[in-house]
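Model the structure of this input:
(chains A and B)
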Amino acid sequence: MSVIALPTQVQRSIADPVNRVLRKLPAWPLYILGALPPAWLYWAALNDRLGVDPVKEMEHQMGLWGLWLIIATLTVTPLRTVTGISLLKFRRALGLLTFFYITLHMLVWMYYDVQFLSQVWADIVKRPYITIGMAGLLLMVPLALTSNTWSIRKLGRRWRQLHKLVYAVAILGALHFVILVKGFQLEPILYMAAILVLLALRFPILAKKRR
Amino acid sequence: LGLGSMGGSPAEAAPQGLKPNSFEDITNYNNYYEFGTGKEDPARYADALTLAPWSVTIDGMVDKPGTYGLEDILKGKQIEERIYRLRCVEAWSMVIPWNGFELASLLKEVGVQSGAKYVAFETALRPDEMRGVSRRVLDWPYREGLRLDEAMHPLTLLATGVYGRDLLGQNGAPLRLVVPWKYGFKSIKSIVRITVQKEQPFTSWKDANHREYGFYSNVNPEVSHPRWSQATERVIGGGLRSRRETDMFNGYGEEVAHLYKGLDLKANY
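The predicted structure follows:
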């Protein structure tokens, strides 16, 4: 039991029934559900349902979804530490969906927003928030490629180390949001704060076993 | 509307054949941070702003300072239609058929004193009606400024309407500035104060981030915003993949380039 965890008795009474239900649920429907929002968004854009600026709407929606998903991914471990509820079997889907959404976010930006390839490259090199966003996406590539049972077996210990990269990805993603807005705005700072809290909950001093 | 183009007006020399955005676009895609930072926030919340009675304090180096009711300001003004492209610093643009009168005519009426060099403007600050000002996104009230020659330029408009209708709150009702060769944020909304002065005025965005937003903020495709290029702009209402190359001075160079002769536009962005 860790310092931040609820007492064992409380954990049992909450987590056990929840985990019993979760154990029966398969993870694969998440991939299908995850494909729906982008499909809907694209349909809405083509049919003039996204307001005055459909391109920004698609771009922002995909970016925000990516942040929500990475926050969900990072919540799995502390949720288990604190409450005993285990969403571990859904974590791979959450991580892969994060990658999928952020890839779409980048494609919308490239194809619909910037449009000119020369300017895409110039932006990546010259605009810090884009450099940072792109770095975050690139760091996700090895994680996505190794998000399968075969890689976990093959890489063993190194798999866990490699996948700690997700912490950097999350910080880069939130930073990308913080520095792209104009003026002092609260929303991106809340995302950054959420991510930092989720990472802090992993510090040994908080997460270590009591005995 | 049938107002057509104004014979001999300087707007005629400006970009021709601009096709205005729909009223829908113009009134639903706004930056007016006093009502929230989202593009739809102003349309949603700006109707909370009490528009009448409205008065504007005109002070500083003028012969006839005072607080004028909007009706007095509009008295005797020729309201004309001007179809201008609005280029936002965020690299998008729209075309807007404004109704308004030249700022110069108001300034002449109150009498600008010699030695004056700048005009400062201030937006209303009403925490009870503007839900966005509870957050300090900017140092409220919103303030902007022009050099006197920019303010006196015949392209510089005080707008009171769009498409022949009264301005809506989200567009800066009841009285806003329109300076078509500068980035949109220079065109301050819902004006309550106009001050003629010697010193370069405080401007809100420059105060928030002077590296990114200069006093001049002339539309200039060659000077990038530190975080994005200004070479091209997305055309709002032009479909999913519409982008155009940004024109120097937003296409109004013929009329305004002479104002900046000898000024390094890279240093004075």
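
quick one: pLDDT of residue 193?
Defaulting to chain A. What the model reports as pLDDT for residue A:193 is 98.

that answer is for a different chain, and I need it for chain B
So residue B:193 comes in at 98 (pLDDT).

partner residues bridging the residue nearest to it when sequence neighbours are not counted?
Distance criterion Cβ to Cβ, 6 or more residues apart in numbering or on different chains; nearest residue to residue B:193, sequence neighbours excluded, is residue B:122 at 3.9 Å. The way it works is simple: take the backbone N, C-alpha and C, and place the C-beta from them, glycine included. Taking DSSP bridges, one finds residue B:143, residue B:193 as the beta-bridge partners of residue B:122.

Can you report how many residues neighbour residue B:122?
Around residue B:122 there are 23 other residues, counting by other Cβ atoms under 10 Å in any protein chain shown.

try residue B:152
17.

same thing with the one 10 residues further on?
The burial count assigned to residue B:162 is 23, neighbours taken as other Cβ under 10 Å.

Please report how far it lies from residue B:212.
28 Å (Cβ to Cβ, to the nearest Å).

Likewise for residue B:31?
15 Å.

For the most centrally placed residue in chain A, give me its contacts.
Centroid-nearest residue in chain A: residue A:70, 1.4 Å away (criterion: Cα atoms, centre = their mean). By Cβ atoms under 8 Å, 6 or more residues apart in numbering or on different chains, the contact list for residue A:70 reads A:95, A:98, A:166, A:169, A:170, A:173, A:195.

Neighbour count for residue B:31 and residue B:212, which is higher?
Higher neighbour count among residue B:31 and residue B:212: residue B:31, with 19 against 16, using other Cβ under 10 Å.

before we move on, what SS does that one have?
coil (DSSP: H, G, I helix; E, B strand; the rest coil).

Check the stretch 1-150 of chain B for the residue nearest chain A and tell me.
residue B:29 (3.7 Å; Cβ to the nearest Cβ).

ok, that residue - how many residues close by?
Neighbour count of residue B:29, defined by other Cβ under 10 Å: 22.

before we move on, back to that, what about the residue nearest to the centre of chain A, which helix or strand?
Taking DSSP states H and E as the definition, residue A:70 sits inside helix A:54-83.

So for the residue of chain A found nearest chain B, what pLDDT did the model give?
Closest to chain B within chain A is residue A:52: 3.7 Å, counting by Cβ to the nearest Cβ. Note on residue A:52: pLDDT of 91.

ok so it is a strand residue?
No. Read with three-state DSSP, residue A:52 is coil and lies in no strand.

Pretty sure it sits against residue B:42.
No. Residue A:52 lies out of contact with residue B:42 (Cβ atoms under 8 Å); the separation is 11.9 Å.

More neighbours: the two, which one.
A direct count of neighbours by other Cβ under 10 Å for residue A:52 and residue B:42 places residue B:42 higher, at 28 against 22.

Quick one: low-confidence residue ranges for the chain.
In the absence of a named chain, this looks at chain A. A:1, A:208-211 (pLDDT under 70).

hm, I was asking about chain B
Short version for chain B, where the test is pLDDT under 70: B:1-14.

Which parts of chain A are helices?
Per DSSP state H, chain A carries helices over the ranges A:8-24, A:29-46, A:54-83, A:88-108, A:117-126, A:128-145, A:149-155, A:157-163, A:165-180, A:186-200, A:204-207.

buried sites along the fourth one?
Buried residues in helix A:88-108, counted by 16 or more other Cβ atoms under 10 Å in any protein chain shown: A:90-106, A:108.

now the shortest one
Within helix A:204-207, the residues scored as buried using 16+ other Cβ under 10 Å are residue A:207.

Show me the contact partners of it.
By Cβ under 8 Å, 6+ apart, the list of residues contacting helix A:204-207 reads A:2, A:3, A:4, A:78, A:81, A:200, A:201.

Now do the lengthiest strand in chain B: which elements does it pack against?
Ordering each strand of chain B by length in residues (DSSP state E) puts strand B:92-102 first. If contacts are counted by 3 or more Cβ pairs under 8 Å, 6 or more residues apart in numbering or on different chains; DSSP states H and E, strand B:92-102 sits against helix B:23-28, strand B:80-87, strand B:157-162, strand B:232-235.

So which of the ones you listed is nearest residue B:200?
Residue B:200 lies closest, by Cβ to Cβ, to one member of these: strand B:157-162, at 21.1 Å.

strand partners of the helix or strand following the closest one, parallel vs antiparallel please.
As assigned by DSSP H and E, the chain's next helix or strand after strand B:157-162 is strand B:165-166. Take DSSP bridges as the rule and strand B:165-166 pairs in its sheet with strand B:157-162 (antiparallel).

Centre of the chain to the strand it pairs with, how far?
Strand B:157-162 has its C-alpha centroid displaced from the chain centroid by 9 Å (Cα atoms, centre = their mean, to the nearest Å).

Report the backbone C-alpha coordinates of it in PDB.
Taking Å, rounded to 0.1, in the frame of the first residue of the first chain, the C-alpha atoms of strand B:157-162 are listed here in PDB:
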ATOM      1  CA  LEU B 157     -13.100  54.300 -40.200                       C
ATOM      2  CA  LEU B 158     -15.200  54.500 -37.200                       C
ATOM      3  CA  ALA B 159     -17.800  51.800 -37.900                       C
ATOM      4  CA  THR B 160     -21.300  51.700 -36.600                       C
ATOM      5  CA  GLY B 161     -22.700  48.900 -38.800                       C
ATOM      6  CA  VAL B 162     -22.200  45.800 -41.000                       C
END
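
Touching it from outside, list them.
Here strand B:157-162 has contacts from B:23, B:26-27, B:74, B:79, B:82, B:84, B:96-103, B:106, B:166-168, B:171-172, B:174-180, B:191, using Cβ under 8 Å, 6+ apart.

Now do it against strand B:92-102, angle only.
100 degrees (axes from the mean of the first three to the mean of the last three Cα atoms, to 10 degrees).

With adjacent residues omitted, what lies nearest to residue 194?
Just so you know, I chose chain A. residue A:71 (5.7 Å).

I was after chain B.
Nearest one to residue B:194, counting by Cβ to Cβ, 6+ apart, is residue B:58 at 4.9 Å.

helix, strand or coil for the one you found?
Residue B:58 ends up strand, using three-state DSSP.

For it, grab the count of nearby residues.
Neighbours of residue B:58 (other Cβ under 10 Å): 21.

Check residue B:261 too.
6.

ditto for residue B:223
18.

For it, give me its contacts.
B:230, B:265, B:266, B:269.

for the third one, helix, strand, or coil?
Three-state call for residue B:266 (three-state DSSP): coil.
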